[in-house]
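Student: show me the folded form of this:
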Amino acid sequence: MRVIAGLYRSRILKSLKGLALRPTSDRLRETLFNVLAPNIAGSRFVDLFAGTGAVGIEALSRGATEVVFIENRAPAATLIRRNLESLGINTGVTVLAVDALRGLALLASRKQQSATGYHYIFLDPPYAAAEDYSRVLEFLGSADLLAPGGVVVAEHRRNFDLPEEPGALRRFRVLRQGDAALSFYRRRGETGRETSGENDPAE
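Tutor: Next up is the predicted model:
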């Protein structure tokens with residue numbers, strides 16, 4: 001597994017044998033960042049269910065100024081820290097070894113002290129964990145975590161349909177690739193950093 005583009009392009013990221021991680025495939029990661037690339041520089045990014053940290057590290061490589069990794073499995077959180085260390089990344093990053101909802105609640109409490117929200121929140125729970133998708137999307141649909149025009153992206157199975165409007169969020173785009181899909185959300189009534197196309201196949 002490698003960083004695809006940017007400052008750390010082609011650098012190798014470690015994974016863990018025997019740990020039930022399902023990293024976002026290189027191809028799907030490339031598709032995701034082809035969409036986000038025009039606006040990723042200078043952004044604040046949250047990588048939920050971060051696993052190896054590959055998605056958040058890709059964001060850093062492409063110019064994100066801050067990434068928060070949230071991963072409740074201690075071995076995976078340790079792996080993220082090791083991957084960051086191997087790349088010499090020691091500023092602009094936070095690794096929270098807590099449950100996704102607890103991590104988001106921590107970020108929401110911090111945001112009350114600062115007007116700045118997050119431009120991108122990426123979530124990639126285990127595909128079978130349908131409750132994790134609904135719990136997190138409902139939280140994000142009611143919490144004030146996104147910056148104006150901010151986008152939530154959920155990776156999921158192609159044949160698993162997510163809600164169109166969880167809380168204040170509205171799904172505005174779906175990209176499908178192989179057995180996987182990416183659903184894009186933003187607050188209802190907003191346009192923002194990523195606006196092109198809706199329901200585009202990526203095959």
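Student: show me where the chain has strands.
Tutor: Assigned by DSSP state E, the chain shows strands spanning 44-48, 66-70, 93-96, 118-123, 146-157, 169-177, 180-187.
Student: columns distance to Pro23 on top of those, output as TSV?
Tutor: Glycine gets a C-beta too; all of them are placed from N, C-alpha and C. Formatted as TSV, the strands of the chain follow (distance: least, C-beta to C-beta, whole Å):
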stretch	distance to Pro23
strand 44-48	12
strand 66-70	13
strand 93-96	16
strand 118-123	13
strand 146-157	11
strand 169-177	15
strand 180-187	12
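Student: for the most centrally placed residue in the chain, what are its contacts?
Tutor: In the chain, the residue lying closest to the centroid (C-alpha atoms, centre = their mean) is Phe122, at 1.8 Å. Phe122 is in contact with Leu32, Phe45, Val46, Asp47, Leu48, Val55, Gly56, Val152, Val153, Ala154, Glu155, counting by C-beta atoms under 8 Å, 6 or more residues apart in numbering.
Student: thought the fourth one was touching Leu60?
Tutor: Pointing back at Asp47 there. No - in this structure Asp47 lies outside contact range of Leu60 using C-beta atoms under 8 Å: 9.8 Å.
Student: these two: which has the busier surroundings?
Tutor: More crowded of Asp47 and Leu60, by other C-beta atoms under 10 Å: Asp47, with 30 against 24.
Student: what do Asp47 and Leu60 both touch?
Tutor: Common neighbours of Asp47 and Leu60, counting by C-beta under 8 Å, 6+ apart, are Val67.
Student: just the helices in the chain please.
Tutor: For the chain, the helices defined by DSSP state H cover 26-40, 54-61, 74-86, 100-111, 130-142.
Student: for Ile12, find the nearest of those helices.
Tutor: Closest approach to Ile12 among those is made by helix 74-86 (8.2 Å; C-beta to C-beta).
Student: bridging residues for the residue nearest to the residue nearest to the centre of the chain when sequence neighbours are not counted?
Tutor: Nearest residue to Phe122 in three dimensions, chain neighbours excluded: Val153, at 4.9 Å (C-beta to C-beta, 6 or more residues apart in numbering). Taking DSSP bridges as the rule, Val153 bridges to Phe122, Phe184.
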